[in-house]
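Undergrad: sequence unknown, structure follows:
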Ligand code: 5GP
């Protein structure tokens with residue numbers, strides 16, 4: 001199977017701004033940000049889409065949520081959006097599962 005663009009980033013073949021990484025995921029800044037903060041939380045395991053997750057791999061999804069919490073704390077964010085585009089019809093362009101972490105739309109305390 002051909003390597004996804006995200007696996008190529010993890011393998012150091014393509015540069016990316018890395019915000020966080022651990023043994024299960026890497027978090028990079030989206031190359032084309034749709035919000036002041038636009039990160040991609042990407043499992044190292046190259047599962048194509050959310051519909052392909054099964055068995056023990058559901059633990060990766062829980063871990064992604066734990067990483068989202070960590071990012072919010074690290075970046076001192078009051079809130080964020082966590083979005084998965086699933087399948088071509090769901091707007092997915094890169095077929096290596098990932099979650100968009102978006103924040104900084106407005107200061108809701110103002
Ligand atoms: P999708 O539509 O698959 O949910 O989102 C794919 C995301 O990956 C898009 O927001 C796109 O801007 C981002 N992206 C595509 N290629 C690259 C790349 O080479 N580097 C980075 N950092 N982001 C990328």
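TA: Cool, the structure landed. Please read all numbers here as calculations on a predicted model, not as lab measurements.

Undergrad: Please give me every residue in contact with the most centrally placed residue in the chain.
TA: Centroid-nearest residue in the chain, with C-alpha atoms, centre = their mean: residue 41, separated by 2.0 Å. For residue 41, the contact set (C-beta atoms under 8 Å, 6 or more residues apart in numbering) comprises 25, 27, 64, 67-68, 71, 82, 98-99, 101. In this view, the C-beta of every residue, glycine as well, is placed from N, C-alpha and C.

Undergrad: same check, this time on residue 15
TA: The neighbours of residue 15, taking C-beta under 8 Å, 6+ apart as the test, are residue 9.

Undergrad: Residue 45 now?
TA: Contact analysis of residue 45 by C-beta under 8 Å, 6+ apart lists 24, 57, 60.

Undergrad: Apply 7 Å and report the result again.
TA: 57, 60 (C-beta atoms under 7 Å, 6 or more residues apart in numbering).

Undergrad: Show me where the protein has its strands.
TA: In the chain, the segments counted as strands under DSSP state E are 18-21, 25-29, 37-43, 81-83, 99-103.

Undergrad: So the shortest one, near the ligand or not?
TA: No. Using C-beta under 6 Å from any ligand atom, no contact is recorded between strand 81-83 and the ligand, whose separation bottoms out at 7.7 Å.
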